[in-house]
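Chemist: sequence-free structure coming up:
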């Protein structure tokens, strides 16, 4: 039987980018995927085997928009630049981020996402609502606490 008090909840979750807590984060969702291709051969109706051909990591995060704290000012997304050439340079030279999910009760890191890039972000403004923004990230690798 599982020990009481070990259930991980959103109230215990702390989302960090580059070691800094993302303030007013409201949701984080991730995906780790291995792509398998079927090996189909002549004279066999069934798939012979599945061969791994790819590994992908992505995740999304939602947060409340704070005035003066944009994804660009935080360094998560490249700035536009004053010309198309400068914009391209900013995109090409943008660095990787590291994302972590920490249990703020035990201080254990439950998830680490490595070589992260913010691929897209969007916002929603409602007449009588809190302005939120959603971010989509791609990454090279995802580790949980068993992957030390």
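Modeler: Cool, got the structure. From a predicted model like this one, the values you see are computed outputs, not experimental measurements. Residues are numbered from 1 along each chain as shown.

Chemist: got the contact list for the residue nearest to the spatial centre of the chain?
Modeler: The chain has residue 59 as the residue nearest its centroid, 3.3 Å off, counting by Cα atoms, centre = their mean. By Cβ atoms under 8 Å, 6 or more residues apart in numbering, the contact set of residue 59 is 28-31, 99, 113, 136-137, 139, 142. Using the backbone N, CA and C atoms, a C-beta is placed for each residue, glycine as well.

Chemist: ok, of those, which come out buried?
Modeler: Buried subset of the contacts of residue 59 (neighbour count, 16 or more other Cβ atoms under 10 Å): 28, 30, 99, 113, 137, 139, 142.

Chemist: from the residues you listed, pick the one nearest residue 8.
Modeler: residue 28 (12.3 Å; Cβ to Cβ).

Chemist: for the closest one, which non-adjacent residue is spatially closest?
Modeler: Using Cβ to Cβ, 6 or more residues apart in numbering and skipping the chain neighbours, the partner closest in space to residue 28 is residue 61 (4.7 Å).

Chemist: ok, that neighbour touching residue 24?
Modeler: No - the criterion here is Cβ atoms under 8 Å, and residue 61 misses it with residue 24 at 10.9 Å.

Chemist: those two: which is more packed in?
Modeler: Set residue 61 next to residue 24 and count neighbours by other Cβ atoms under 10 Å: residue 61 wins out with 21 against 14.
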